[in-house]
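A.B. asks: kindly return the folded structure for what I paste below:
(chains A and B)
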Amino acid sequence: MNTSTLISDSALVSLYIAGKESAFEQLVNRHKNKVYTTIFLIVKDSYTAEDLLQDTFIKAIHTMKGGRYNEEGKFSSWICRIAHNLAIDHFRKEKRSPMITLEDGSNVFNNMSFSEDSAESVQIKEDTHARLRELIQTLPQTQREVLMMRHYAEMSFQEIADATGVSINTALGRMRYALINLRKKMQNNNIAYDKNLYSE
Amino acid sequence: MIKTSTQNELIQYVYNELADDAFEQLEVALVQDKELAASCSELLLMQQLLDDAAKAPRQQAIDNILNYSKSLSLQSN
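C.D. replies: Residues are numbered from 1 along each chain as shown, chains lettered A, B, ... in the order given. Sure thing, here's the model as predicted:
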C-alpha cells in the first residue's frame, strides 16, 4: 500500500515550502491530468496546453516559495484557477475565436492506462474519451464553464456561483443540463456508451 | 417527474456536496424512487466518463516542471 497518497495537499504544500522537493512531485503528479485537461479544453492544442501547464506550475512554485501561498481553500481549486486564467489569457493574446476544433491525432499523447483491458476495449474507451472532449466544446458556454470549474478545477458549486455571479441553484442547474446534454449528444452521435466498460 | 430542487440535490449528492441531513433523506428517496435512482445512476456514469476523459501531458512536460523547481532550490541553498 502506498501511504504517500494519504498525505493531504495542504501538508504537501507545507513540506514543499519547507524544502522537500518530493512533496512537490507528489502534488504535480496528483493534479497534472486535471490541470492539463482544464487547459486543453480551452486551448484545444496538446503542445500549447503543455506549455501552459508548465507556466501554471512555475507560477505556483514562485507563489509557494515566495511565501505568498494562501492556505485558505483547496490547492486543486487554486492551481486549476491559475491554469484557467493563463489559458484564457493565451486565448485573448492569440485573438483566436472560440471555434470548435476536433482532436485529430490527440490520442498520441493520451496515455490513460487501461492495461488490464483488451486492445479493442482500450480503443473503444479512447475513442469515447476523445469524442466526449469534443462534445464538451459544443456545450453552451455557461454550461461548459460550470462543468470545467466543477469537474476538472474541483471548485465547489458555491465557489462557482461566487466566481460567475449567479446563485448556487443556477450553477447547479447549469451543471445538470451540461451532463444531460452531454448524455444526449453521446446518444445522438452513436458514441459507445457501454455501461459494462465502466463497471468495476 | 423529479422536482428541480431534488435534481439539484442529486447533482450535489454525486459531487459529494450535500449536507448530512439532506444526504440521508436523499439516500432514503433513492431506495424508494426508481426514476430518481435511474437519474442518479446516469449522473454517476457521466461523472466517471468525464474523469476517465481527462488527458495526461507528456512526461517531458512534468520533468521540466520538477527540474525547474529543483534548480530554484539549488540556487537558494
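
A.B. asks: what does chain B put close to chain A?
C.D. replies: Residues of chain B lying close to chain A (Cβ under 8 Å from any Cβ of the partner chain) are B:4, B:7-8, B:10-12, B:15, B:17, B:42-43, B:45-58, B:61-62, B:64-66, B:68-70, B:72-73, B:76. C-beta: built from backbone N, CA, C; applies to glycine.

A.B. asks: the residue nearest to B:I65 when sequence neighbours are not counted: which element?
C.D. replies: Ranked by Cβ to Cβ, 6 or more residues apart in numbering or on different chains and with sequence neighbours excluded, the top spatial neighbour of B:I65 is A:F57, at 4.4 Å. For A:F57, the host element (DSSP states H and E) is helix A:46-65.

A.B. asks: for that helix, give the mean pLDDT please.
C.D. replies: Helix A:46-65 comes out with an average pLDDT of 95.

A.B. asks: now do the SS call for B:P57.
C.D. replies: Following DSSP: H, G, I helix; E, B strand; the rest coil, B:P57 is assigned to coil.

A.B. asks: hang on, isn't it packed against A:N29?
C.D. replies: No: look at B:P57 against A:N29 with Cβ atoms under 8 Å: they stay out of range, at 10.9 Å.

A.B. asks: comparing these two, which residue is more hemmed in?
C.D. replies: Taking neighbours as other Cβ atoms under 10 Å in any protein chain shown, B:P57 and A:N29 compare with B:P57 leading, 24 against 13.

A.B. asks: contact partners for that one?
C.D. replies: A:32-33, A:36, A:49-50, A:53, A:109 (Cβ atoms under 8 Å, 6 or more residues apart in numbering or on different chains).

A.B. asks: neighbour count and distance to chain B for these - can I get that in CSV?
C.D. replies: Shown next, in CSV, are the contacts of B:P57 (neighbours: other Cβ atoms under 10 Å in any protein chain shown; distance: Cβ to the nearest Cβ, whole Å):
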residue, neighbour count, distance to chain B
A:K32, 22, 6
A:N33, 18, 4
A:Y36, 26, 5
A:A49, 26, 7
A:E50, 20, 4
A:L53, 27, 5
A:F109, 17, 6
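
A.B. asks: quick one: contacts for the closest residue to A:R131 other than its chain neighbours?
C.D. replies: In space, A:R131 comes closest to A:I191 once its chain neighbours are excluded; the distance is 4.9 Å by Cβ to Cβ, 6+ apart. Residues near A:I191 by Cβ under 8 Å, 6+ apart: A:127-128, A:131-132, A:135.
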